[in-house]
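In: sequence and predicted structure are below.
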Amino acid sequence: MLERLEGLRIIANAQALDAAVWPNGSRVFRLAADDVFLLGDGEVHLDDPHAIVELETGFSGMSMEPAAALDWLESTCEWELPGQRPAFAQGAVAGLAVKLWFDETEVFVMTASALAAELEERMP
Amino acid sequence: MNEFIEAKVALQWQQPKAAYDVVIVGGGGHGLATAYYLATRHGITNVGVFERSYIGGGNSGRNTTVIRANYGIPEAVRFYQRSLELFASLEDETDRWIMHNQKGLLWMTHTEHGMRAEKARAAVNTAFGAKTRYVEPEEIKEICPQIDLSGGGKFPVLGASYHEEGATARHDRVVWALAEGAMHRGVHVHQRAPVTGLLRDGDRVTGIETPDGPVSAGVVVSAVGGHVTTLASMAGLRLPIRSHPLQAFVTNHYAQAFDAIAASTDLLFYMSQTARGEMLLGAEIDRQPSYSYRSGHHFLESCAHRAMTLFPFLRDLRILRQWTGICDMSPDYSPIMGKTGVDGFLVTTGWGTWGFKAIPVGGEQMAQLIATDKTPELIAPFSLDRFARDRTLADRGSAGTH
Amino acid sequence: MAAFTFDGSSVPFDSGDSVLLALRKAGTIPGGTLCFAGDCPHCVATVDGVSYVRMCQVSCRDGMTVEPHPVGGAPPLPDGTTAHTAPLQIRHCDLVVIGQGESGSAAAAEAIARGRRVITLDSKQGADAIGIYAGLTVLARSQYGLERIHCDDVVVATGAAEIQPVCTGSDLSGIYTARAAEYLLAHGVDLGTVVAVGDPPPGHASVSGQLVRFEGEGRVAAVVTRDWDGTEHTHPCDTAIVGLGLHPRDALFRMARDLGVTVVGDAAIDATIPPPPQAGTICPCANVTADDVKNVWDRGFHEMELMKRATLAGTGTCQGMACLPHLRSLLADLGGTVQPPFTARPVTKQITFGEISAGAHLRAYPRTALDGEHRRLGAEMDRIGGWWRPWTYGDTEGEYWAVRNGVSIGDVSTLGKMIVTGPDSAELLERLYPTRIAGIKPGRSKYVLILDERGYVLDDGLVCRDGEYEWFLTFTSSGATFAEMWVRDWAESWELDVRILNRTMSLGAINVTGPHAKELLERVGLSDPPSYMGHASAQIAGIDCRVFRLSFTGELSFELHHAIADSVELWRALLDAGADLDLRPHGIDALLKLRLEKGHILVGQDSDFDSTPRRLHHEWAVDLSKEFFVGKAATIRTNKAPLNKQLVGLTMDGPAPHEGAVIWSDGDYNGYVTSSTWSPVTEQSVLLGWLHLRNGELPTEATIEERRAIVSPVPFYDPDGGRARA
């Protein structure tokens, strides 16, 4: 089951995001050059007075066991998955916009909460 | 011998002349229909049609052969209603079999919004003589027994507009019947005859350039599909046209059992069974503009899936062939016909996904314009200057498919 | 012994046999020159409900049902009740090699040696390439189901097919190509007395002379050849074998030549052009004879593609594999030049709808965070503006009156929502919107139109200011996706320094509306509500909200924007707090009624492709004194054209005509109804519709559904807006 995630959404200029120091233990998803979704607690200092920093609950996600996840992705993901770990990737999976975090222990699957029910139907 | 072999049409080819009263660029349905009606209705036969490939080799031979008049605005309903009439009499007039078959067209919807739109379509159609009415699911099932009204439990059918005069005809045969009729009366049709430039005298267009030399003309008509903006730019004209691929596919042939033409506005596909028995399917235009005739696999997968949602019997049908045409889309999803502001240069373009169904009326009206030098009332709304004059045609009913 | 059913009879088979081989062993064999290689169309049948399956390409399975196609007709449409499904496998590699004969194997081995990732497909191993598409992408059907293989290069090594004989009697049974005969002999099939023509299989000799015809009743009994001097020889036989040369199986290459695909081995050979056929069936799929082709030629159909279309040769189930060599030969004989083969198109191996749609999904419709709440309350859900939304909770009239007389809540989470900040944010919005933005004070909002470059209305919404450089924008539900592209595209093309965040799917929004709205919100903690068209942050039922004071329903309304994680809690808190106020939620059906009484337009329903602000009576939302905004030049231009039609309000006695109904003036078409409803509060039908001007004047009345309609000012209800501002 996909659970609603609570994090921070940060829109800032790319240099500020490149230079940002993220809280220890947090997970940083760089959604675009100017766009970060941050999971984890702590202060973020950004060198961009116009940055947008908002509570973000618009994503839902779940952790999958790597082998099972890769099995599923093999029949639903049209693009080549990253080989290195850890890695972040995003694109269409089973026809929906999905974000994927890969590390040694899990594949973390995220999508917009509004599409979470659809994605669940399309998961094993 | 199969029953569908073209057994009557005789095409008479001639050598090009150095001058014609009328030069038509493009030997597809619209170009040949224009020549045909010039010859049969106005006695104008010193006409040369120049086709870069073979006749009907562009979109005239790549469409899904549907003829209908269930458009969303009066100007279009009137226009296509005339086309229905001309199509219905074309076999008698030419004594050629175009496989014209009135089947009825079901345009199904699955939402409240869609129901409203189909009721609106029926209303404006009825007001202008097109036979379209709103039908409930029970009647849909009677018209089209193969349908799964539950839409696989995902897209239940809530209703449809039913256009009784919706028909199909064999696209190639329409082209050939018109070509033969024109040729028989003295019109020259030239295949493998690309037009490489326009002759100009000041601002006026006076003929065409071809690899075999210049050909002068009293008037040049562009009936080009696909590359019309290139040709028009040679006349110093910028056309508001973007070209998008439109794909289709057929199955093997099966015994006749699917009588109607079925379409879904929400699932975005349409389907009919050809005279030969193939199931013929198409969907919406590709979003990305392109001149490519290359077919895509995503279209095939997705269109097959959507069609199966309403018609589960398709599951075990074997797909035989897919292909692609190019749709010239105007900003308001309506054709652009008539004078261009450049003397000696007329266009008939913007045929989007509705060019086939307009072939006879398009030709008839363009011929009348050429013969009389007056824009006929039926096509006046489709003139190029409508965009500058803020007389854009707003037809949401055309923005969809086929 | 294992067996399958053929045409109602049981046929035994040996393990590994193809259906066609088992039939041959049983002495039942279809007519035509069989190739046993999947090239010719003679052995197609209906296998377990799927028609047009080549029996030589299917391994026997115990209990399978095989039906021959009806003689001279087409198989019936299936009923789709079989459970044939296929999984989807998506693969990636550097190189796909199609065909694993000698040259294909060599190509694969060479690439592997160079360290390339190679996937091989071989139809002999049950992996058929269906088509090659841009990407590159190879579509294939294998024992895994449907395979989509994304790769950089493709080598086509599909070999060559044997040329079919075309002559009188070539449709008899008992005729085999040389390779087919070799295959049958290798499987221990007794061919009886054999006569071979052309290049024979190993161990056989050919009779001399040119093939003239086959003789026999249903089954071949003799081969007739002709010597160079015209003498005919009749060779009695049980089996005829023909070796007429090879024709490349290059359709996959030809369809993808311009994609950089390579062809090797027999698939790359120049096609043999056989002697022009004099009689017999050229195209067995469409039953086209040599005489048919000549006849059509004589009537001016000289181009290969025209010949194909005029005879249908090459359009049947084998897609020209059988007829193409002979068509080319005959057209060359008639016209003096060899024409190129007709266009190769996917699919090269037929595939069912069920197979091709493996892994395909229908369009996904997003759901708001309150989706479960609506369903729990028994709402009738509908796809509206690209979302699942509650159409009605079952009593539209009751929902309507709750808004007009009491208080109600509605889920408006689907509204487009966007944050824009940055040094150039005001400049961006000033250029985007046709109204003046600079004067909006923090905490205030303004209604805005969005125009395209041609001056037509794309969308509408609100611009809300939060600070000098901070803005919150709203768009319609159906316009939201487009809006983000629109704003970003312009910001980038103008190179403005802004930050943009789409909040549509992250923020929920609940509209609290009705005369008791303020009272309800006080109960859940809103002590200091913003004034009309103002907004403020507040805690409501303990939840952080941004409260917008506006009105779409015409009643006192507050829109509560909040993180969607809190939507359910907020919704339930409001329902609880309002229980004694008879609070009930309203669906879209009621909302549309309420807004229509107020004359609020719905962009996309009431507006059309050609809706200028002037036509919509929205000139007040356009400030032409601004230096620039998107659509300004077009607006100035279109304003010069005589006004020809406008969106107007209409009222009627009696029930509401349906939306889309035609509006008549003096018996002529004069427009159509865009929105229509019975207005309970004004006790008449109220409408919006397009009306054409006549002699520069709008008519004052019209006929709709044969009843009289009066052109009426909007709003139809509470024209001075006192209730919304209350």
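Out: Nice, I can see it.
In: what parts of chain C come near chain A?
Out: Contacts of chain C with chain A, taken as C-beta under 8 Å from any C-beta of the partner chain, map to C:87-92, C:148, C:150, C:359-361, C:364-369, C:371, C:387, C:419, C:421-423, C:425, C:469, C:497-501, C:503, C:505-507, C:563-566. (C-beta placed from N, C-alpha, C; glycine too.)
In: now do the strands in chain A.
Out: A:3-4, A:7-11, A:27-32, A:35-39, A:52-56, A:59-64, A:87-93, A:96-102, A:107-112 (DSSP state E).
In: for these, which one sits closest to chain B?
Out: The closest of the strands of chain A to chain B is strand A:87-93. By C-beta to the nearest C-beta, the value is 10.7 Å.
In: buried ones in that closest one, by neighbour count?
Out: Neighbour-count burial for strand A:87-93, with 16 or more other C-beta atoms under 10 Å in any protein chain shown as criterion, is recorded at A:88-90, A:93.
In: kindly report the same for stretch C:308-317.
Out: For stretch C:308-317, the buried set under the neighbour-count rule, 16+ other C-beta under 10 Å, comprises C:308-317.
In: how does the chain divide up, domain by domain?
Out: If you meant another chain, say so; for now it's chain A. Using automatic domain parsing, the domain ranges for chain A come out as A:3-57, A:60-121.
In: that answer is for a different chain, and I need it for chain B
Out: Here the domain parsing of chain B from automatic domain parsing is B:19-63+B:171-241+B:331-398, B:101-166+B:243-326.
In: and if you look at chain C?
Out: Split by automatic domain parsing, chain C gives C:3-68, C:85-162+C:247-271+C:347-361, C:165-243, C:273-340, C:371-413+C:506-595, C:416-502, C:598-725.
In: for chain B, which of the ones you listed is the nearest?
Out: If you check each of those against chain B by C-beta to the nearest C-beta, domain C:598-725 wins as the nearest, at 2.1 Å.
In: any idea of the mean pLDDT for that closest one?
Out: Regarding domain C:598-725, the rounded mean pLDDT is 96.
In: start to end distance for it?
Out: Domain C:598-725 has an end-to-end distance of 13 Å (C-alpha to C-alpha, to the nearest Å).
In: contacting residues for B:G31?
Out: B:G31 makes contacts with B:24-25, B:49, B:51, B:221, B:223, as judged by C-beta atoms under 8 Å, 6 or more residues apart in numbering or on different chains.
In: helix, strand or coil: sort out it for me.
Out: What DSSP: H, G, I helix; E, B strand; the rest coil gives for B:G31 is helix.
In: gap between it and B:A179?
Out: Using C-beta to C-beta, to the nearest Å, one obtains 9 Å as the distance from B:G31 to B:A179.
In: what parts of chain A come near chain C?
Out: Contact residues (C-beta under 8 Å from any C-beta) of chain A with chain C: A:4, A:6, A:9, A:11-13, A:34-35, A:48, A:50-52, A:54-58, A:74-80, A:94-96, A:112-115, A:117-118, A:122.
In: got a quick ChimeraX command for the buried subset of those?
Out: Of the residues of chain A next to chain C, the buried ones go into a single ChimeraX selection, burial set by 16+ other C-beta under 10 Å:
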select /A:9,11,12,13,34,35,48,50,51,52,54,55,56,57,58,75,76,77,78,94,95,96,112,113,114,115,117,118,122
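In: out of the residues of chain A next to chain C, which sit inside helices?
Out: A:74, A:117-118 (DSSP state H).
In: quick one: which of those is nearest to C:Y532?
Out: The closest of these to C:Y532 turns out to be A:A117 (C-beta to C-beta; 37.2 Å).
In: so what's the closest residue to C:R116 other than its chain neighbours up against?
Out: Leaving aside its chain neighbours, C:R116 sits nearest to C:D94 (4.1 Å; criterion: C-beta to C-beta, 6 or more residues apart in numbering or on different chains). Contacts for C:D94 (C-beta under 8 Å, 6+ apart) come out as C:111, C:116-118, C:151-153.
In: could I get these as TSV with distance to A:E104 and pLDDT?
Out: Output for the contacts of C:D94, formatted as TSV (distance: C-beta to C-beta, whole Å; pLDDT from 0 to 100):
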residue	distance to A:E104	pLDDT
C:A111	32	98
C:R116	28	98
C:R117	24	97
C:V118	29	98
C:C151	29	97
C:D152	29	97
C:D153	33	97
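In: tabulate the residues you listed (CSV), appending neighbour count.
Out: Output for these, formatted as CSV (neighbours: other C-beta atoms under 10 Å in any protein chain shown):
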residue, neighbour count
C:A111, 19
C:R116, 15
C:R117, 14
C:V118, 21
C:C151, 21
C:D152, 14
C:D153, 18
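In: name the nearest of these relative to C:G398.
Out: Nearest to C:G398 among the contacts of C:D94, counting by C-beta to C-beta, is C:C151 at 60.7 Å.
In: ok, the closest one - contacts?
Out: Contacts of C:C151 (C-beta under 8 Å, 6+ apart): C:92-96, C:119, C:136-138.
In: report the buried members of those.
Out: Neighbour counting by 16+ other C-beta under 10 Å classes C:92-93, C:95-96, C:119, C:136-138 among the contacts of C:C151 as buried.
In: list the ones among those that fall in strands.
Out: If you go by DSSP E, these have C:92, C:95-96, C:119, C:137-138 in strands.
In: what's the most distant pair in the residues you listed?
Out: Spanning the widest gap among these are C:L95 and C:T137, at 13.3 Å by C-beta to C-beta.
In: before we move on, back to that, which one of the contacts of B:G31 has the most neighbours?
Out: Neighbour tally across the contacts of B:G31 (other C-beta atoms under 10 Å in any protein chain shown): the maximum, 35 neighbours, falls on B:I24.
In: picking up where we left off before, mind checking pLDDT for the residue nearest to C:R116?
Out: 97.
In: re earlier: out of the buried residues of stretch C:308-317, which touch chain B?
Out: Answer for those near chain B (C-beta under 8 Å from any C-beta): C:309-312, C:315-317.
In: in the stretch 451-600 of chain C, what residue comes closest to chain A?
Out: Nearest residue of the stretch 451-600 of chain C to chain A: C:S506, at 3.1 Å (C-beta to the nearest C-beta).
In: not counting sequence-adjacent ones, nearest residue to whichever residue of the stretch 351-500 of chain C sits closest to chain A?
Out: Closest approach between the stretch 351-500 of chain C and chain A, counting by C-beta to the nearest C-beta: C:P366, at 3.5 Å. Distances taken as C-beta to C-beta, 6+ apart place A:A114 nearest to C:P366, at 3.5 Å, with adjacent residues excluded.
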